[in-house]
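Engineer: can you look at this prediction? I've put the sequence above it.
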Amino acid sequence: MNQHTSSKFDADLESMRGRVSHMGGLVEAQLARLATALATNHIGEFETVMNGDYQINALEVEIDELCTQLVATRQPVANDLRLVMATIKSITDLERIGDKAEKIARKAHAIALQEGLQVTRFAELRSMLEKVRVMVRQALDAYARLDPSVAPIVAAADMAVDQEFDGVTRQLITHMMENPRNISAALDILFVAKAIERIGDHATNMTEYVVYMVQGRDVRHVTPETLVRVSTGG
């Protein structure tokens, strides 16, 4: 990152990035608790995730205000402006990941409390959740290191998550067709699967913002080949 004549500006930018890392750590902790809850049917872990989203929301507001102040008082240009703007977008995606984790926990908590439901069906979601947890970690690392080369890796993982979601959807449709009494539970599980899939989308967005920060190119909606070329400086 560029050094500026104002050491206070550098400190403000580092503070901004540090808070994003802290917010990311909270999001990762939520996802880890969620993974544990889905693996063990631990009601308490679901409840912890349900009650922990407020910290992530508060950090989004705090970082957003800091970014607004930086734009107003420092009038950043070029790389610095892209960093601030990409940070604003990244914390929005992080907040939405936190929201998805909270909603998954709430729905899964309700499913787990339903008498007679086989909670082993959560196993169908664990692979998806593990993939998106890795994607979120990679996206946060890419932001911390300003490393655009991670974007194609996360994009490929997102495609794998999408395919896995399609597989879960087909299984649940079959499950519902075999016995209409399964429809309500299957729809609840489908809700959880879709929320996990959306977490992957948000992680992908974050790596695209890193490409924008470093390369100055908007790579939303580009082909995989173009993403690889741009993210590696080609």
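Structural biologist: Done, it's in.
Engineer: longest helix in this protein, by number of residues?
Structural biologist: helix 78-113 (DSSP state H).
Engineer: now that helix: average pLDDT?
Structural biologist: For helix 78-113, mean pLDDT is 91.
Engineer: just how off-centre is it within its chain?
Structural biologist: A distance of 5 Å separates the C-alpha centroid of helix 78-113 from that of its chain, computed with CA atoms, centre = their mean, to the nearest Å.
Engineer: tilt between whatever helix or strand comes next after that helix and helix 78-113?
Structural biologist: Remark: after helix 78-113, the chain's next helix or strand is helix 123-145, criterion DSSP states H and E. Counting by axes from the mean of the first three to the mean of the last three CA atoms, to 10 degrees, helix 123-145 lies at 160 degrees to helix 78-113.
Engineer: could you list every helix and strand that the helix or strand just after helix 123-145 packs against?
Structural biologist: Next helix or strand after helix 123-145 toward the C-terminus (DSSP H and E): helix 151-178. Judged by 3 or more CB pairs under 8 Å, 6 or more residues apart in numbering; DSSP states H and E, helix 151-178 is in contact with helix 123-145, helix 183-215, helix 224-231. Using the backbone N, CA and C atoms, a C-beta is placed for each residue, glycine as well.
Engineer: about what we covered before: now do the longest helix of the chain and helix 183-215, the angle between them.
Structural biologist: Interaxial angle of helix 78-113 relative to helix 183-215 (the same axes, to 10 degrees): 170 degrees.
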